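**Q** For reference, the sequence and a predicted model appear below.
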Amino acid sequence: MAIIVQDKSCNRCGVCADICPMGIIHSSLDGEIPFVAESQAAWCVSCGQCSSFCPTGALTLEKDQGLTPEPAWNGNGLSPELLVSYLKSRRSIRNFKNEPVSRETIEALLDVARYAASGGNGQPVQWLIIHDPEKVQKVAKAVIDWMRTLVGSNHPLSKYIPILITGWENGLDPICRNAPHLLIPHIPEEIPIAHVDGIIALTHVDIAAPAFGVGTCWGGFVALASQESSEIRDIYALPAGRKPLYAMMFGYPKYRSASIPTRNKAVITWQ
């Protein structure tokens, strides 16, 4: 990937060369503008660090020519106290309103997740949104059916399965908690670290959701069943070569928390 540097705007500070994670941007003290050697251009991962940190806006990635960059947060208006309170107030939501979240709101949330860190800026995560509540229930039923096959086995979930099945048979939904929507991040099967990228991206969704008025809950039962049951993966109908990573139920919360519960103190080892 080539970089475009505006000669008149560039102040030759060398920040772009210093900030490049691949070390392929070269600058000198003799007045030349920064450049990437042609032999090293293929090493660029298009992360945008060089253009993001350029103090004069002189540098642009070739692929971003003609685009106006979005201003970065300037460090003002978000105190540590406010951020800590927001993060501590995040709750798993298992009671939802019977009200759909609009596609526009969901797309805005996933737009935030686009900026989650990923190895080598690979951005391997894609999303399946099960927006239809009836299809969410279809997934929940499929999870219960999968659980029925594990009754009496040595599976790690076996001790929980009878009560979950009983709850389902009594009209409850212990799997998806009657959430109106289900979010499934999926990743390439052949990239060994893509699962980390996916969890980071899904965490971005989880953290951002309350700001949009949306509640979330990590769907562990759905995630585990999706990994082990081909019937559930058939419901998703993901493209070839991709696999479901996890699951997240979401919707508008029925209740709002009034306080922050306690948590264990952090266990820290200093070296």
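**A** In hand now; what should we look at? No experiment lies behind these values; they were computed from the predicted model shown. Residues are numbered from 1 along each chain as shown.

**Q** Using the three-state scheme, assign residue 41.
**A** Following DSSP: H, G, I helix; E, B strand; the rest coil, residue 41 is assigned to helix.

**Q** Could you count how many residues lie near it?
**A** Neighbour count of residue 41, defined by other C-beta atoms under 10 Å: 13. In short, each C-beta sits where N, CA and C put it, glycine included.

**Q** okay, it: pLDDT?
**A** As summarised for this prediction, residue 41 has a pLDDT of 89.

**Q** same question, residue 78
**A** Each residue has a pLDDT score; the one for residue 78 is 87.

**Q** and it, how many neighbours?
**A** 10.

**Q** Would you mind identifying the next helix or strand past the longest strand belonging to the chain?
**A** Counting residues, the longest strand found in the chain (DSSP state E) is strand 181-188. Sequence-wise, the next helix or strand downstream of strand 181-188 (DSSP states H and E) is helix 194-208.

**Q** Which parts of the stretch 151-271 of the chain are strands?
**A** Assigned strands in the stretch 151-271 of the chain, in chain order: 181-188, 215-218, 242-244, 248-251 (criterion: DSSP state E, counting those that start in this stretch).

**Q** Contacts only, for residue 188.
**A** Applying C-beta atoms under 8 Å, 6 or more residues apart in numbering, one finds that residue 188 lies in contact with 124, 194, 241-243.

**Q** typo on my end, it should be residue 129
**A** Residues in contact with residue 129, defined by C-beta under 8 Å, 6+ apart, are 106, 181-184.

**Q** Give the buried subset of the residues you listed as a ChimeraX selection command.
**A** Selection command for ChimeraX covering only the buried members of those, criterion 16 or more other C-beta atoms under 10 Å:
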select :106,181,182,183,184
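
**Q** circling back to that earlier point, scan the contacts of residue 188 and report the most crowded one.
**A** Top of the contacts of residue 188 by neighbour count (other C-beta under 10 Å): residue 194, with 23 neighbours.

**Q** just to revisit the earlier point, so which of the contacts of residue 188 comes closest to residue 223?
**A** Residue 223 lies nearest to residue 243 out of the contacts of residue 188, by C-beta to C-beta, at 11.4 Å.
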